[in-house]
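# sharing a model prediction with you, sequence too.
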Amino acid sequence: MAIFTQHAVDFKTNPPLPEGTFVAINHSPLTLRQLGFNMLVELTTASEFRKPPLNRPLASVIVMAHLDTGASTTAIDIELAKHLNLLAVGKSESRTAAGLQTMPDFAVDVSFVNTKLSPFRNLRVGSCNLGLSFETENQLKPQNFGMLIGRDIMSQWNIIWNGLSSTVIISD
């Protein structure tokens, strides 16, 4: 179990949470309401592409990811895909606030930093313009995310979102 907060907290439930459960606690319900839920993820070159015949080098970055219940599939920032030198594996159309867009798809490995949540290997993700900033001082701010976690990933999880206590519990 992982607990994320700005202060150490002794957190117990009855019955106990399953091993590998990710727990995030904020100090105010306003944070969850204003920003939604964001978590750290590590994105790496898809493991399938690191094998022969492609033998792509391992590229890795840790960024914030935003749980987006309106997204059917997970997507990464297009500049992040360029930064990781990912290979496009096709294209797909997405309905966005800016209208219908056709963007490249990529394959990545995704793991969830400081949790025991199961990683996703060779996951096909879409891309979009999230405005990710690579400036060191802004990199880990919750509003500066490089990935939208869509329902393709969320459908594999049990998610409890308690807005009143500003708590999110995720288990797989």
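Nice, thanks for sending it over. Numbering: from 1, shown residues only.

# okay, CA-based contacts and neighbour counts for the rest of this
Fine.

# distance of the most centrally placed residue in the chain relative to Pro57?
Computing the C-alpha centroid of the chain and ranking residues by C-alpha atoms, centre = their mean puts Ala65 first, at 3.5 Å. Remark: distance between Ala65 and Pro57 (C-alpha to C-alpha, to the nearest Å) = 23 Å.

# what do you get for Asn162?
Per C-alpha to C-alpha, Asn162 is found 41 Å from Pro57.

# show me the biggest strand of the chain in terms of residues.
Using DSSP state E, we find that the single longest strand of the chain is strand 99-112.

# which parts of that one are buried?
Met103, Pro104, Asp105, Phe106, Ala107, Val108, Asp109, Val110, Ser111, Phe112 (16 or more other C-alpha atoms under 10 Å).

# that one: partners in the sheet, and parallel or antiparallel?
Sheet pairing for strand 99-112, assigned by DSSP bridges, gives strand 38-45 (antiparallel), strand 88-96 (antiparallel), strand 120-128 (antiparallel).

# can you give me how far the shortest one is from the chain middle?
By that I understand strand 38-45. Taking C-alpha atoms, centre = their mean, to the nearest Å, the mean C-alpha location of strand 38-45 is offset from the chain mean by 6 Å.

# alpha carbons only: can I get it in PDB?
Written as PDB, here are the backbone C-alpha positions of strand 38-45 (Å, rounded to 0.1, in the frame of the first residue of the first chain):
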ATOM      1  CA  ASN A  38      -3.000  13.200 -10.800                       C
ATOM      2  CA  MET A  39      -0.300  10.600 -10.100                       C
ATOM      3  CA  LEU A  40       3.300  10.000 -11.000                       C
ATOM      4  CA  VAL A  41       3.900   7.500 -13.800                       C
ATOM      5  CA  GLU A  42       7.100   6.300 -15.500                       C
ATOM      6  CA  LEU A  43       6.800   6.000 -19.200                       C
ATOM      7  CA  THR A  44       9.400   3.900 -21.100                       C
ATOM      8  CA  THR A  45      10.100   2.700 -24.600                       C
END
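
# what ranges does this protein have for its helices?
Shown for the chain, the helices assigned by DSSP state H span residues 29-35, 78-83, 151-154.

# can you add mean pLDDT and mean neighbour count and give those back as a markdown table?
As requested, the helices of the chain are exported to a markdown table (pLDDT from 0 to 100; neighbours: other C-alpha atoms under 10 Å):
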| stretch | mean pLDDT | mean neighbour count |
| --- | --- | --- |
| helix 29-35 | 75 | 14 |
| helix 78-83 | 92 | 18 |
| helix 151-154 | 96 | 16 |
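
# that concludes my questions; thank you for your assistance.
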